[in-house]
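>>> With the input below, show me the fold.
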Amino acid sequence: GRDGNQEIYFVAVDNNGTPTNTDINLTNNTAYSSRPQIVWNGSGYAIVFFDNRDGNNEIYFIKINTTGTILVAAKRITTDTVESTYPAIVWTGSEYGLAWIDRSLGNDEIFFARLDTLGDIKGTAANISENDNFMSRYPSITFTGTQFGIVWQDSRNSSNIEIYMAKLGSTGTKIGTDIRLTTIDDSSTRPSIAYTSKRYGVTWVDYANTNSGIFFLTHCP
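Residues are numbered from 1 along each chain as shown. You can find the predicted model right below:
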């Protein structure tokens, strides 16, 4: 907020966390820019965020080198007439996988798209959660080398919020049905996912003991 409105900044740091360059404003516009996610692509970084510069919240993509020099300026990824927010991004080795909250169908759904190295959508964006009339929010995404794993919080169980997972092939085709990961009588929210060489690891905020705590589980591909 140092420029009078919310912007996305970048700084490179060394292995000790010490900045190696000055902070760089990547968005530099009069709009509200929020919730950045960053991924390493082997030679630099890609950053996604949402931004209301076009009148409603949309997902944008920026590509920079190791020192923050912009290689691909802010590029609008989504083109809804309503909100697209909270993006999550992963690098596969040749392209990006992008997940986000999309409201184009009237309720919050999790959408997915593959992006090329310049941040352009390959093929068609797909609705992953397919959950009419309920809220699917806050995705996190990873890649195993052959498939994408996406987790999110979902209200389809009506009485409480639970964590769900979907698996997608390398071309974005959904594999099987959504997998419910949590089963408590209270809410489970804000998941995050990572992949080792053998299994997925998932963390989330859980209210199982009346107060919130961080929980963890593993799941095989």
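
>>> neighbours around T171, how many?
9 (other C-beta atoms under 10 Å). No exception for glycine: its C-beta is placed from N, CA and C like everyone else's.

>>> what's W152 sitting at in phi/psi?
The phi and psi values for W152, taken as degrees, to the nearest 10, are phi -160, psi 170.

>>> Look up the residues forming beta bridges with it.
Note on W152: beta-bridge partners by DSSP bridges are Y164.

>>> Could you say which helix or strand holds the residue nearest to A208 when sequence neighbours are not counted?
Distances taken as C-beta to C-beta, 6 or more residues apart in numbering put I184 closest to A208, at 4.7 Å, once the chain neighbours are dropped. For I184, there is no host helix or strand (DSSP states H and E).

>>> in the sheet, who's paired with the residue most central in space within the chain?
For the chain, the residue nearest the mean C-alpha position is A88 (1.2 Å; C-alpha atoms, centre = their mean). When assigned by DSSP bridges, A88 has beta-bridge partners A99.

>>> My read is that it contacts P139, right?
Yes - between A88 and P139 a contact is recorded at 4.9 Å, counting by C-beta atoms under 8 Å.

>>> Pull up the overlap in contacts between the two.
By the contact definition C-beta atoms under 8 Å, 6 or more residues apart in numbering, A88 and P139 are jointly contacted by A99, W100, I150.

>>> Using CSV, lay out those residues together with distance to K167.
Shown next, in CSV, are these (distance: C-beta to C-beta, whole Å):
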residue, distance to K167
A99, 13
W100, 18
I150, 8
